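next comes the sequence, and after it the predicted model I'd like to discuss.
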Amino acid sequence: MALAIKIENLSKYYRLGIINNGTLWKDLQSHLARLFGWEDPNLVIGWDSAYDRDGFWALSGINMEIEQGDRIAVMGRNGAGKSTLLRILTRITAPTGGCFHVKGRIASLLEVGTGFHSELTGRENIFMNGAILGMKRREIKRKLDDIIGFSEISGRHIDTPVKRYSSGMHVRLGFAIAAYLDSEILLADEVLAVGDIKFRQKALDKMKDLSLNHGRTVIFVSHAHQMLQELCNKGIILENGKMSLDMSPVEEAVNRYNEMLGIELPKEM
Ligand SMILES: Nc1ncnc2c1ncn2[C@@H]1O[C@H](COP(=O)(O)OP(=O)(O)O)[C@@H](O)[C@H]1O
Ligand SMILES: [Mg+2]
């Protein structure tokens with residue numbers, strides 16, 4: 001099976017502020033330490049190894065291989081690094097270390113609103129997204145009816161600036177664009193939670209169809225375990241920026257994640 005994505009030792013460091021140790025001398029010490037690669041004498045030995053004096057590792061040591069046509073469930077608690085991973089894959093942010101290889105074009109559905117220009121109409125946004133994926137105007141035109149139809153955004157609304165759209169309309173249009181425009185890989189980050197149940201099922205069916213019948217690779221971040229199990233064949237768990245479970249069959253991943261949550265829930269619940 002051919003690989004769609006290969007991720008090697010990927011990491012992302014977020015700085016939480018500027019150097020501020022309280023005195024100029026300490027700041028200078030820290031700065032020199034960083035410059036020359038010495039151990040920083042002002043480093044706080046923290047309770048959490050992900051944190052140091054200036055920031056923390058939102059991701060570290062991430063390795064995985066995703067095969068073409070795989071549907072990967074990405075699980076993990078809030079702040080685990082799921083969105084950071086997807087943002088790196090779509091090149092919205094750059095990794096601090098490590099590298100990744102992607103074979104094919106990525107269509108993504110990240111947080112509501114990303115990928116849209118709010119002053120442009122729905123129709124104009126379809127063309128803009130197509131252009132970003134490298135499609136010709138003629139090719140986009142051919143898919144226009146399918147996209148608008150799937151999004152269920154009616155008549156006049158499609159020619160209204162998307163800043164006037166409800167969050168549900170955003171998601172429906174975003175999903176329709178990601179599904180119908182040419183791409184080999186589809187990323188979705190907790191977006192379907194906003195849509196109504198009927199659209200959610202329709203979107204899930206569409207993703208399944210794209211993957212099983214057209215070889216589209218899907219990476220799906222969601223807390224809806226039922227949806228994950230229905231759509232995905234494999235899964236991973238992130239915990240504090242690390243892989244707490246490597247690529248596994250989706251049932252195993254969901255079970256492990258439930259166990260993990262169970263352990264962390266207070267006894268009285
Ligand atoms: N631009 C940023 N600057 C600093 N910290 C960030 C930034 N983006 C995300 N983070 C932090 O990185 C961690 C991982 O975030 P994220 O990937 O969004 O988690 P998840 O999607 O799993 O809930 C969180 O602690 C979050 O607060
Ligand atoms: Mg997130």
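Perfect, thanks for sending it. Ligands and ions are numbered 1, 2, ... in the order given.

report how many residues lie close to residue 96.
Around residue 96 there are 17 other residues, counting by other CB atoms under 10 Å. No exception for glycine: its C-beta is placed from N, CA and C like everyone else's.

which strand or helix spans the closest residue in space to it that isn't next to it in sequence?
Nearest residue to residue 96, sequence neighbours excluded (CB to CB, 6 or more residues apart in numbering): residue 13, at 4.2 Å. Using DSSP states H and E, residue 13 sits in strand 3-15.

quick one: is that strand near ligand 1?
Yes: using CB under 6 Å from any ligand atom, we find that strand 3-15 touches ligand 1 at residue 14.

distance-wise, check residue 137 relative to residue 153.
Per CB to CB, to the nearest Å, residue 137 is found 21 Å from residue 153.

likewise for residue 2?
Taking CB to CB as the measure, residue 2 falls 36 Å from residue 153.

who has more neighbours, these two?
Remark: of residue 2 and residue 153, residue 153 carries more neighbours, 23 against 9, as counted by other CB under 10 Å.

give the helix, strand or coil label for the more buried one.
Under the three-state scheme (DSSP: H, G, I helix; E, B strand; the rest coil), residue 153 adopts coil.

I'd say it and residue 173 touch.
Yes: contact criterion CB atoms under 8 Å: residue 153 and residue 173 qualify, at 5.8 Å.

up against ligand 2, what does this protein have?
82-83 (CB under 5 Å from the ion).

buried set for the strand holding residue 13?
Neighbour-count burial for strand 3-15 flags 4-5, 7, 10-13 (criterion: 16 or more other CB atoms under 10 Å).

cool, and stretch 229-241?
Taking 16+ other CB under 10 Å as the criterion, stretch 229-241 shows 231-241 as buried.

for the stretch 1-150 of the chain, give me the ranges with low pLDDT.
Counting by pLDDT under 70, the stretch 1-150 of the chain shows low-confidence ranges at 17-22, 42-53, 112-113.

quick one: the nearest residue to residue 106 once chain neighbours are set aside from ligand 2, how far?
Excluding its sequence neighbours, the residue lying closest to residue 106 (CB to CB, 6+ apart) is residue 185, at 4.6 Å. According to CB to the ion, to the nearest Å, residue 185 stands 18 Å off from ligand 2.

residues touching residue 185, list them.
By CB atoms under 8 Å, 6 or more residues apart in numbering, the residues touching residue 185 are 4-5, 102, 104-107, 216-219.

can you tell me which of those lies closest to residue 149?
Nearest to residue 149 out of those is residue 107 (CB to CB; 17.8 Å).

tell me what the closest one is bridged to.
When bridges are called by DSSP bridges, residue 107 pairs up with residue 186.

so it makes contact with residue 181?
Yes: look at residue 107 against residue 181 with CB under 8 Å: they come within range, at 6.0 Å.

got a pLDDT number for the residue nearest to residue 106?
At residue 185, the model reports a pLDDT of 94.

excluding its backbone neighbours, what's nearest the residue of the stretch 101-250 of the chain found nearest ligand 1?
Using CB to the nearest ligand atom, residue 238 is the residue of the stretch 101-250 of the chain that sits closest to ligand 1, at 6.4 Å. Nearest residue to residue 238 in three dimensions, chain neighbours excluded: residue 76, at 3.6 Å (CB to CB, 6+ apart).

list the contacts of the one you found.
Residues near residue 76 by CB under 8 Å, 6+ apart: 82, 237-239, 244, 257.

could those residues be laid out in TSV, adding secondary structure?
Listed next are the contacts of residue 76 as TSV, based on three-state DSSP:
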residue	secondary structure
82	helix
237	strand
238	strand
239	strand
244	strand
257	helix
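
residue 225: which of these is nearest?
Nearest to residue 225 among those: residue 257, at 7.6 Å, using CB to CB.

distance of that closest one from ligand 1?
Residue 257 is 13 Å from ligand 1, where distance means CB to the nearest ligand atom, to the nearest Å.

and for that residue, nearest residue in space, chain neighbours not counted?
Residue 257 sits nearest to residue 75 (CB to CB, 6+ apart), 4.6 Å away.
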